[in-house]
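Colleague: Compute the structure for the input listed below.
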Amino acid sequence: MDFARRSGTLLLAVAWLGIIGLGWWWFAAWEREQHNPNHALSATAAEVVLERNRAGHYVADGEINGERVTFLVDTGATTVALPMSLARRLGLTLGAAVTVQTANGPKVAYQTRLRSVRLGSIELADVPAIASEGMEGAGALLGMSFLRHLEFSQRDGRLVLSRPRS
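Modeller: I've put the predicted structure just below:
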C-alpha cells in the first residue's frame with residue numbers, strides 16, 4: 001500500500017509540474033506577442049506593415065549586418081542607435097565619441113556605420129548609427145538614418161513603410 005501511495009503522489013507531482021510548465025510556456029509566448037507582434041512581418045517586395053504593440057510602439061525583428069536584431073521604430077532618433085553590448089556582439093568599429101540627447105539626459109555615444117540594415121523586404125546599405133553604453137536591453141532604435149529613405153504612414157494601429165516611388 002505504501003508503494004502505491006508514493007507512486008500516486010509522484011504521478012500527481014509530475015502532472016502538476018506539467019501543468020505549470022505548459023502555463024509558463026503559454027504565458028511567455030503571449031508576453032512575447034504583446035511586446036513584438038511583428039515577429040513574423042507582413043511584408044511584400046514593396047512595403048512592410050507593422051502592428052502596434054500594447055504599449056503603442058512599433059517593435060519588429062530585423063537584421064543588422066545579417067544578425068537578427070529587435071528594432072523599436074523611433075522617428076525621434078536621428079540615427080539607428082544600438083546598446084554597446086549589441087555593437088560589441090556585431091563586431092562594429094567605433095568612431096568618434098559624440099554627446100547625444102536622450103530621454104534620460106545627455107549620454108556619450110560612438111559613431112559607427114552598419115554594412116546593412118534589413119526590416120522585412122527593405123534593406124539599406126551603409127547606414128550611419130551610434131552605439132551607447134547608456135542604452136539598456138538587446139534591441140536597437142530604428143532611427144531616421146534608416147527611415148528617411150522610406151515613405152511611411154500610420155493608420156488604424158499599423159505603420160506602413162515603403163520605398164519611395166521614383
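Colleague: Spell out the residue ranges of the helices in the chain.
Modeller: Under the criterion DSSP state H, the chain contains helices at 2-35, 84-90, 144-147.
Colleague: Would you mind putting the CA coordinates of the last one into PDB?
Modeller: The C-alpha coordinates for helix 144-147 follow below in PDB (Å, rounded to 0.1, in the frame of the first residue of the first chain):
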ATOM      1  CA  MET A 144      15.900  58.400 -39.100                       C
ATOM      2  CA  SER A 145      19.300  57.400 -40.700                       C
ATOM      3  CA  PHE A 146      17.300  54.400 -41.900                       C
ATOM      4  CA  LEU A 147      13.700  55.700 -42.000                       C
END
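Colleague: which residues are in contact with it?
Modeller: 73, 75, 77-80, 117, 119, 124, 127-129, 161 (CB atoms under 8 Å, 6 or more residues apart in numbering). Yep, even glycine has a C-beta here, placed from its N, CA and C like the rest.
Colleague: any idea how far the nearest residue to Val48 once chain neighbours are set aside is from Leu94?
Modeller: In space, and not counting its chain neighbours, Val48 is closest to Gly120: 3.7 Å by CB to CB, 6 or more residues apart in numbering. Counting by CB to CB, to the nearest Å, the gap from Gly120 to Leu94 is 28 Å.
Colleague: Ok, Met144 next?
Modeller: 20 Å.
Colleague: Of the two, which one has the most company?
Modeller: Set Met144 next to Leu94 and count neighbours by other CB atoms under 10 Å: Met144 wins out with 17 against 14.
Colleague: May I see the buried residues of stretch 85-98?
Modeller: 86-87, 90, 92 (16 or more other CB atoms under 10 Å).
Colleague: And the furthest pair within these?
Modeller: Leu86 and Leu92 (8.6 Å; CB to CB).
Colleague: Report the set of residues contacting both of these two.
Modeller: Joint contacts of Leu86 and Leu92 (CB under 8 Å, 6+ apart) are Ala131.
Colleague: Show me the strands in the chain, by range?
Modeller: Along the chain, counting by DSSP state E, strands occupy 42-43, 47-51, 59-64, 67-73, 80-83, 97-102, 105-119, 122-132, 140-142, 151-155, 158-162.
Colleague: Could I get the ones you listed in a markdown table, plus columns for mean pLDDT and distance to Gly21?
Modeller: Shown next, in a markdown table, are these (pLDDT from 0 to 100; distance: least, CB to CB, whole Å):
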| stretch | mean pLDDT | distance to Gly21 |
| --- | --- | --- |
| strand 42-43 | 54 | 32 |
| strand 47-51 | 91 | 29 |
| strand 59-64 | 94 | 26 |
| strand 67-73 | 94 | 26 |
| strand 80-83 | 96 | 32 |
| strand 97-102 | 88 | 40 |
| strand 105-119 | 94 | 34 |
| strand 122-132 | 96 | 38 |
| strand 140-142 | 96 | 32 |
| strand 151-155 | 92 | 39 |
| strand 158-162 | 92 | 35 |
